[in-house]
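Engineer: How does the following fold in three dimensions:
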Amino acid sequence: MAKTKNKSKGSSVDPNEALKNLEKPKTQWRVILQIAGALVAVWMISAFTMQWTGIWILALPGILTLVAAGFGFYIWRLTRQSSQIFDILKGATDADGRKNALARLGEKGKGKGGAAMNALARAQLVAATDPNGAIEVLEEIDIAKAPALMQSDIRANLALLYLGVGRVAEARPLVEEIRLDRAPQAKSKAMYAAVIAECHARSRRVAEAQTLMETYSPDDPAYSDVAALLHRARVYTFVGAKKRGLAKKSMEAMVAMDPNTLAGFLQKKGSNPEISKMARGLLAKTGLMPKPQMARGKGQVGRRR
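Structural biologist: Just a heads-up that it's a prediction; the model follows:
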């Protein structure tokens, strides 16, 4: 089996291995300083006007300070929990590492936010070999009760896994609730957009998918880590829009990254016959073939060896 010479970072587009977007959390010092500066300004204005309004005016900055402190503590806890989980995932580079990481994650995850992050991390590890098992992990999360900052992330990852095993109807209600404005980074926002666009395209809402694909280009350096996901969404979108030349161009870009990224197009369950034919023809022409599929769980799902 031939292999590509240039495999780009983030080339894996197989939704069965998709939960790879957890990153080391960073303290947003700029935002913290802006909030602190705003509070100082409110205190100064209140103190200056106190001689005319009375001491009660100090209640306003006092309340704002308490709210800011409470929110800051909440964000600090989520950041600390995320950092701990990130450190666990760093060692999950092989089968033994994933097994050890899963065991360590089983000992953590107390509290609402921690439990949701724990489930996302466990799903990432399980998805490497068992996408249906990863779906079950994420389905256990009560998304409505998860931290607001994490809800779109959970929905996007679960929807991506659903799409990967052909369960498009179950992905639809999830993508309807994804908030692009809650994506913490440009890469995350592009990942959300790719999931939404693919679901729309596979649900005959091609115009909406095209709008997203015009906004998020896989050629943008800011989206390089999720370029393959964006190209995958473009394949479905362009085929739906009868722009087969553009669909083939995106598929060729995926092959250049890694021929295994086309495996999802060749699955029997939920695949588009036209896209499957295009993928087989392209792979046959280039002499590259994705690694074989393996039966797991309820249906045929891909696994990269």
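Engineer: contacts and neighbour counts: CA atoms only from here.
Structural biologist: OK.
Engineer: where in the protein is pLDDT low?
Structural biologist: In the predicted model, the chain carries pLDDT under 70 at residues 1-36, 39, 42-43, 51, 70-94, 106-114, 288-305.
Engineer: quick one, helices of it?
Structural biologist: Remark: helices assigned in the chain by DSSP state H are 29-53, 59-89, 95-105, 112-127, 131-139, 148-164, 168-176, 186-201, 206-215, 227-240, 244-257, 273-286.
Engineer: now the ones you listed in JSON lines, with mean neighbour count?
Structural biologist: Shown next, in JSON lines, are these (neighbours: other C-alpha atoms under 10 Å):
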{"stretch": "helix 29-53", "mean neighbour count": "13"}
{"stretch": "helix 59-89", "mean neighbour count": "15"}
{"stretch": "helix 95-105", "mean neighbour count": "16"}
{"stretch": "helix 112-127", "mean neighbour count": "23"}
{"stretch": "helix 131-139", "mean neighbour count": "21"}
{"stretch": "helix 148-164", "mean neighbour count": "24"}
{"stretch": "helix 168-176", "mean neighbour count": "18"}
{"stretch": "helix 186-201", "mean neighbour count": "25"}
{"stretch": "helix 206-215", "mean neighbour count": "17"}
{"stretch": "helix 227-240", "mean neighbour count": "27"}
{"stretch": "helix 244-257", "mean neighbour count": "20"}
{"stretch": "helix 273-286", "mean neighbour count": "16"}
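Engineer: Between those helices, which one is closest to Pro221.
Structural biologist: Nearest to Pro221 among these is helix 227-240 (8.9 Å), distances taken as C-alpha to C-alpha.
Engineer: Which neighbouring elements make contact with that closest one?
Structural biologist: When contacts are defined as 3 or more C-alpha pairs under 8 Å, 6 or more residues apart in numbering; DSSP states H and E, helix 227-240 sits against helix 186-201, helix 206-215, helix 244-257, helix 273-286.
Engineer: helices or strands up against the last one?
Structural biologist: I take that to be helix 273-286. Checked by 3+ C-alpha pairs under 8 Å, 6+ apart, helix 273-286 has helix 227-240, helix 244-257 packed alongside it.
Engineer: Take these and write them to JSON lines, including distance to Met150.
Structural biologist: As requested, these are exported to JSON lines (distance: least, C-alpha to C-alpha, whole Å):
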{"stretch": "helix 227-240", "distance to Met150": "20"}
{"stretch": "helix 244-257", "distance to Met150": "29"}
